[in-house]
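Colleague: Compute the structure for the input listed below.
(chains A and B)
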Protein chains: 2
Amino acid sequence: LSEWRMDVVTGRWVVIAAERGGRPFDFKIEREGTRAGTCPLCPGHERETPPEITAYRAPGTAPDTPGWRVRVVPNKFPAVRGCGCAVASARGVHRAMPGIGAHEMVIESPKHVRGLEDLGPEEVAAVLLMWQERCLALRRLAWVEYIQVFKNVGRAAGASLEHTHSQIMALPFVPREVAAELAATGAPEGCRLCAVVRQELAEESRVVVAGRHVVVFAPFASRFPFELWVVPLVHEGDFARADRAVREEMALALHGALGRLARVLGRPPYNLILHTGPVNRAAADFHWHLEVLPRITVPAGFEFGTGYYVNPLPPEAAARYLVQNENPR
Amino acid sequence: LSEWRMDVVTGRWVVIAAERGGRPFDFKIEREGTRAGTCPLCPGHERETPPEITAYRAPGTAPDTPGWRVRVVPNKFPAVRGCGCAVASARGVHRAMPGIGAHEMVIESPKHVRGLEDLGPEEVAAVLLMWQERCLALRRLAWVEYIQVFKNVGRAAGASLEHTHSQIMALPFVPREVAAELAATGAPEGCRLCAVVRQELAEESRVVVAGRHVVVFAPFASRFPFELWVVPLVHEGDFARADRAVREEMALALHGALGRLARVLGRPPYNLILHTGPVNRAAADFHWHLEVLPRITVPAGFEFGTGYYVNPLPPEAAARYLVQNENPR
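Modeller: I've put the predicted structure just below:
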């Protein structure tokens, strides 16, 4: 069974996902290439995944059969699972607790395509709606403190399956990256992300898409070349409460930004992460947003040693290439 | 010129190394493969690097000529450089400061080999001695708050050159990973890394090498499969003050551990990082150590979103494979 372990020197939590590791290299299995026709996420292969949790599907079609547009299943190789009390116990100086959590996979389309940029904006909006529904469902569980939605595209970004999908993990604590943002976006003296959004819109040099409800920009301190943040203009901590207008414009902006990345960089590997407010905090305490992290550089000794980054491309240059749809190579 | 930029939402600092990026993909140039004979780090090619800062070399040989055993040069593509006052200035809500710092390359051997595991233990000891000397020299600069020594081996670990080398960056602040460890290892109630070392030696299940002065173990909350920490038994914050006995045993233990990794995993890519105490803190405030991070898994959306890790291999299993020199595949 999996186990959460805390490094007492750094305070960092790690899931030791031993279920995957009776044979230690089991996890390589997930990295198999898949082609349309043999892909376990394609329609007609529903029995190759665990039974579906929910789906948007055509009227009259049965669960675990074709006819779905978005389909959610438990992860076949869950890093965490089960319910329980999130209390760390001592093992000498070490701290550990059972590997509780939920780990779901959102199959974003019946089409065997690589990423959200290959779908239509309305299909991306349906994926966002499904993320919202799963966030609402998962946070009813008593032990859930945070829900991390993320997406890996391309092997260099950690993707194990080619067919476009995202993952949702419900966690028994607030992770440290979110805790850091919480301090800055819910501070009484005002949300720093609101201030950043105002400044980006005024300066324009890092903006890629500016809409009525949403802005896409290359952040001032981008960790990666072509890093993009997709941020709602309104200060709202809870992604699940974003209304239809915001969700649909977010889908359009995200789709547009990913399409530009694909054209300018030649379909790079990337990670997409959602940062939303912790479950048990007031909605005003956070400012939810998406982060797109292209993986064309490799975090290495400096990054792991310091927690900081070297980025060889100014975000102003990245924004210019993306706005002009210009390939820099 | 380079610039340090702070993300005001997370507190994270990033070097925007624009010197490398006038042409934005300049940094790809560093990733060229090199072969013995055309390698700019091999003897006879000394003019292809910037002029040497220092070297261990045969009596009577001139700088920037063959005859060296370990050679230190400025990084040809420095992420940071120059001196100055490390004061962040406001740019609206953003914070930035000039890209001050030092960025050196330690060419660890005249032999065109891949890593420290390909050298002899006494050659590894000479590299550690050179790291100590550079730490002592760099911290005389008034603005230096921290010195990060690291090594990238293999492309998947971010290495740009094949010939075995390490990098040293002098920084104008204490990075967040070190700050987190500082709180735990210099606490008045006792150093947690000392407590971990005692427990690992008592339990044995995660220990790979146990010596008189040094222990190598797979940490309880390993981020990566086969992660190893190399830790001196004595509570000492300042790597540069480690004496000859510790340094030579450290070299032997590191060489042995890297050799086991190479045999068991088939020469994996890896990062090696040194965590030593900040320049302006008392030596008792830290417990210096090395961390070896094999890069056979890919940090992805979960890791970047949360700052936490999923590790599919229990460290107890990793230690067993390494102790038995057994290839798990």
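
Colleague: so where's chain A uncertain?
Modeller: A:19-36, A:187-189, A:327-329 (pLDDT under 70).

Colleague: Would you map the helices across the stretch 201-329 of chain A?
Modeller: In the stretch 201-329 of chain A, the helices defined using DSSP state H, counting those that start in this stretch lie at A:244-265, A:301-306, A:315-323.

Colleague: Against B:W4, how distant is A:L265?
Modeller: Per Cβ to Cβ, to the nearest Å, A:L265 is found 26 Å from B:W4. Where you see a C-beta, it was placed from the backbone N, CA and C, and this is true even at glycine.

Colleague: hmm, back to that, please identify the most buried of the helices of the stretch 201-329 of chain A.
Modeller: Neighbour counts (mean count of other Cβ atoms under 10 Å in any protein chain shown) averaged over each of those peak at helix A:301-306, with a mean of 24.

Colleague: what does it contact?
Modeller: A:308-310, B:79, B:148, B:150-152, B:157-158, B:167, B:169, B:171, B:175-178, B:271-275, B:291, B:293 (Cβ atoms under 8 Å, 6 or more residues apart in numbering or on different chains).

Colleague: Out of those, list just those in strands.
Modeller: Residues of these located in strands (DSSP state E): A:309-310, B:148, B:150-152, B:167, B:169, B:171, B:271-275, B:291, B:293.

Colleague: Most widely separated two among those?
Modeller: Longest distance between any two of the ones in strands among the contacts of helix A:301-306 is 19.6 Å, between B:L171 and B:L293; criterion Cβ to Cβ.

Colleague: between the two, which one's more packed in?
Modeller: Remark: of B:L171 and B:L293, B:L171 carries more neighbours, 28 against 24, as counted by other Cβ atoms under 10 Å in any protein chain shown.

Colleague: do you know how far that one is from B:V15?
Modeller: Distance from B:L171 to B:V15, by Cβ to Cβ: 9 Å.

Colleague: between these two, what contacts are shared?
Modeller: B:V80, B:G101.

Colleague: Not counting its neighbours along the chain, what's nearest the residue of the stretch 1-150 of chain A found nearest chain B?
Modeller: Chain B sits closest to A:F150 of the stretch 1-150 of chain A, with a gap of 2.8 Å, by Cβ to the nearest Cβ. Among residues not flanking A:F150 along the chain, B:G301 sits closest, at 2.8 Å (Cβ to Cβ, 6 or more residues apart in numbering or on different chains).

Colleague: near chain B, which residues of the stretch 201-329 of chain A show up?
Modeller: A:203, A:219-223, A:225, A:271-275, A:291, A:293, A:297-302, A:304-315, A:317-318, A:321, A:328-329 (Cβ under 8 Å from any Cβ of the partner chain).

Colleague: Now the buried members of those residues.
Modeller: A:219-223, A:225, A:271-275, A:291, A:293, A:297-302, A:304-315, A:317-318, A:321, A:328 (16 or more other Cβ atoms under 10 Å in any protein chain shown).

Colleague: Quick check: the closest residue in space to A:D118 that isn't next to it in sequence vs A:L258, distance?
Modeller: Distances taken as Cβ to Cβ, 6+ apart put A:T164 closest to A:D118, at 6.8 Å, once the chain neighbours are dropped. According to Cβ to Cβ, A:T164 stands 11 Å off from A:L258.

Colleague: Name the residues contacting each of those two.
Modeller: With Cβ under 8 Å, 6+ apart, A:T164 and A:L258 have common neighbours A:G115, A:L116.

Colleague: Close to chain B: what parts of the stretch 51-200 of chain A are there?
Modeller: A:79, A:91-94, A:96, A:148, A:150-152, A:155-159, A:167, A:169, A:171, A:175-178, A:180-181, A:184-185, A:192-193, A:195-196, A:198-199.

Colleague: contacting residues for A:H163?
Modeller: A:H163 neighbours (Cβ under 8 Å, 6+ apart): A:T34, A:C39, A:L41, A:C42, A:I107, A:H112, A:V113.

Colleague: For these, pick the one with the most neighbours.
Modeller: Neighbour counts for the contacts of A:H163 peak at A:I107, which has 26 neighbours (criterion: other Cβ under 10 Å).

Colleague: In the sheet, which residues pair with the residue most central in space within chain A? Tell me.
Modeller: Against the mean C-alpha coordinate of chain A, by Cα atoms, centre = their mean, the closest residue is A:F150 at 1.8 Å. Beta-bridge partners for A:F150, by DSSP bridges, are A:Q167, A:I273.

Colleague: how close does the residue nearest to A:D118 sit to A:V124?
Modeller: 10 Å.

Colleague: repeat for A:V9
Modeller: Distance, A:V9 to A:V124, by Cβ to Cβ: 41 Å.

Colleague: before we move on, what about A:L193?
Modeller: 22 Å.

Colleague: thinking again about what came up before, just the closest of the ones in strands among the contacts of helix A:301-306 to B:P63, please.
Modeller: B:Q167 (20.3 Å).

Colleague: Tell me how many other residues crowd that closest one.
Modeller: B:Q167 sits with 18 neighbouring residues when counted by other Cβ under 10 Å.

Colleague: Now do the contacts for it.
Modeller: Counted by Cβ under 8 Å, 6+ apart, B:Q167 has contacts A:G301, A:F302, B:N75, B:H103, B:E104, B:M105, B:V106, B:V149, B:F150, B:K151, B:N152.

Colleague: just the strands in the stretch 51-200 of chain A please.
Modeller: A:54-57, A:68-74, A:89-91, A:94-98, A:102-107, A:146-153, A:165-171 (DSSP state E, counting those that start in this stretch).

Colleague: Parallel or antiparallel, which strands does the second one pair with?
Modeller: This points to strand A:68-74. Its sheet considered, strand A:68-74 pairs with strand A:54-57 (antiparallel), strand A:102-107 (antiparallel) by DSSP bridges.

Colleague: A:L233: which of these is closest?
Modeller: strand A:102-107 (25.9 Å).

Colleague: Can you give the distance from that closest one to the centre of its chain?
Modeller: 11 Å (Cα atoms, centre = their mean, to the nearest Å).
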